[in-house]
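> need the 3D shape of this:
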Amino acid sequence: MNSSRIPRILSAMKERNLTQMIVSDPAAIFYLTGKWIHPGERMLALYLNISGDHKLIINRLFPQEGDCGAELVWYDDTEDAVEILSRYTEKDRPLGIDKTWPSGFLLRLQELNGASSYCNSSSIVDDVRRIKDAEEQQRMRDASLANDRVMERLIPLTGKGYSEKELDRIVRELYAASGHSDVSFPPITAYGKSGADPHHSTDSTCGKRGDSVVLDIGGILNHYCSDMTRTVFLGEVSDKAREVYEIVREAQQRGIDAARPGARMCDVDNACRSYITEKGYGDYFTHRTGHSIGIEDHESGDVSSVNQNIIQPGQVFSIEPGIYLPEDGIGVRIEDLVLITENGCEVLNHYPKDLIVVPFES
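Residues are numbered from 1 along each chain as shown. Model (predicted):
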């Protein structure tokens, strides 16, 4: 197991008077063991104990090479995996369970009296994962710089007459050609009115002169995700669209300026939202300002008005305000990832945010 991450987990368990815990989320197991295992419907459980007697209960269909830092306990499809797990749990003590463990497994463990009580312990791993170590920080930098290069190649293509679905295909090809294992999430390549829907599902729409184009893209590089959004315009830009763009750009910069240790996540949201509201578009900024990111595109800890958690060095999250005007066919969102430093934040994306009008080929 990772020599620095496991002690942090065990220390957090001790602080909560929890001696044992089950981790089943594949991303969390990768974070702790370096092993990506996708078990499907079969049980996968990393059993952690503050005594150090850690077990990874795993189906024989998923052979592993190398030491993962826990004893491998194998089972096959004819065996009761939960019963095997119950042989190692402390029956007279509480047991932490993470939020992704299927209820069928938990109910079976309860039938076997696997612990004295059960609690949701996901926040223990989530809180540790939220603070990126030096290796993770560098991987996030590398992933974001690679994303900048994909965006640089994508933007000129928006004026070439491709449909949203064709742009989606091109984005995926660009990531594959640049060494990414996959996209971080289904890309958003949205023209005009489609871009005024913050989570538009890509369709066969083609752009027309004057359209805004929302490009929300990210890829997975060396197991870490990138995520950024740029909005450009095809051939020309209306006065209203230009006004909206500049408001969003200023709001995003205010959010970046607010992202520093000791501030709260809600302070970053407020820095963006209050400015957009002041300019008369508060009702058209319809989502939270951002989300944490790392091994997964959306990790625990959002940038929203209700999250009063204190920002700490090592956190990485997005800052992505937007304004969406469906009746005008205008959607604008600008997104960067920031890494919190000791004194402020490092913006991980470097692709320009000046308003871009792309030559349009009708």
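> show me what contacts the closest residue to Glu299 other than its chain neighbours?
Nearest residue to Glu299, sequence neighbours excluded (Cβ to Cβ, 6 or more residues apart in numbering): Ser292, at 4.2 Å. C-beta here means a position set from N, CA and C on the backbone, and glycine is covered the same way. For Ser292, the contact set (Cβ atoms under 8 Å, 6 or more residues apart in numbering) comprises Arg130, His298, Glu299, Ser300, Gly301, Asp302, Gln315, Val316, Phe317.
> so which of these are in strands?
Those of the contacts of Ser292 mapping onto strands are Glu299, Ser300, Gly301, Asp302, Val316, Phe317, per DSSP state E.
> could those residues go into JSON lines alongside pLDDT, neighbour count and distance to Glu173?
What follows is those, written out as JSON lines (pLDDT from 0 to 100; neighbours: other Cβ atoms under 10 Å; distance: Cβ to Cβ, whole Å):
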{"residue": "Glu299", "pLDDT": "98", "neighbour count": "19", "distance to Glu173": "27"}
{"residue": "Ser300", "pLDDT": "96", "neighbour count": "17", "distance to Glu173": "32"}
{"residue": "Gly301", "pLDDT": "97", "neighbour count": "21", "distance to Glu173": "32"}
{"residue": "Asp302", "pLDDT": "98", "neighbour count": "20", "distance to Glu173": "31"}
{"residue": "Val316", "pLDDT": "98", "neighbour count": "27", "distance to Glu173": "27"}
{"residue": "Phe317", "pLDDT": "98", "neighbour count": "26", "distance to Glu173": "28"}
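> farthest pair within the contacts of Ser292?
His298 and Gln315 (14.1 Å; Cβ to Cβ).
> and those two? Which one has more around it.
Gln315 (24 against 15; other Cβ atoms under 10 Å).
> how close does the more buried one get to Ser181?
Distance of Gln315 to Ser181, given as Cβ to Cβ, to the nearest Å: 24 Å.
> likewise Ser212?
31 Å.
> the two: which is more packed in?
Neighbour comparison, Ser212 and Ser181: the larger count goes to Ser212, with 28 against 11 (by other Cβ under 10 Å).
> ok, the more buried one touching Ile330?
Yes - if you go by Cβ atoms under 8 Å, Ser212 and Ile330 touch, sitting 5.5 Å apart.
> find residues that contact each of these two.
Residues touching both Ser212 and Ile330 (Cβ under 8 Å, 6+ apart) are Gly192, Gly195, Ala241.
> can you pick the most crowded of these?
Gly195 (30 neighbours).
> wait, what's in contact with that one?
Residues in contact with Gly195 (Cβ under 8 Å, 6+ apart) are Asp211, Ser212, Val213, Val214, Thr231, Tyr324, Ile330, Gly331, Val332, Arg333.
> can you put those residues in CSV and add pLDDT, secondary structure and distance to Ser117?
Below are these laid out as CSV (pLDDT from 0 to 100; DSSP: H, G, I helix; E, B strand; the rest coil; distance: Cβ to Cβ, whole Å):
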residue, pLDDT, secondary structure, distance to Ser117
Asp211, 97, coil, 57
Ser212, 97, strand, 53
Val213, 98, strand, 53
Val214, 98, strand, 47
Thr231, 98, strand, 50
Tyr324, 98, strand, 46
Ile330, 97, strand, 53
Gly331, 98, strand, 48
Val332, 98, strand, 50
Arg333, 98, strand, 45
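> of those residues, which is the nearest to Tyr224?
Arg333 (22.3 Å).
> the residue lying closest to the closest one once chain neighbours are set aside: neighbour count?
Using Cβ to Cβ, 6+ apart and skipping the chain neighbours, the partner closest in space to Arg333 is Gly322 (3.5 Å). Residues near Gly322, counting by other Cβ under 10 Å, number 28.
> roughly how far does Ile58 sit from Ile50?
22 Å.
> more neighbours: which of these two?
For Ile58 and Ile50, the more surrounded residue by other Cβ under 10 Å is Ile58, and the numbers stand at 25 against 14.
> what lies in contact with the helix or strand containing the more buried one?
Per DSSP states H and E: Ile58 is located in strand 55-59. Under the criterion Cβ under 8 Å, 6+ apart, residues 29, 33, 37, 39, 42-47, 64, 68, 70-77, 81, 84-85, 88 lie in contact with strand 55-59.
> among those residues, which are in helices?
Ile29, Thr33, Ala81, Ile84, Leu85 (DSSP state H).
> show the buried residues in those residues.
Ile29, Thr33, Ala81, Ile84, Leu85 (16 or more other Cβ atoms under 10 Å).
> from the residues you listed, which is closest to Ile6?
When those are ranked by distance to Ile6 (Cβ to Cβ), Thr33 comes first, at 9.1 Å.
> that closest one against Gly69, yeah?
Yes - checked against Cβ under 8 Å, the pair Thr33 and Gly69 is within contact range at 6.0 Å.
> show me the shaky parts of the stretch 251-362 of the chain.
Nowhere does the stretch 251-362 of the chain drop to pLDDT under 70.
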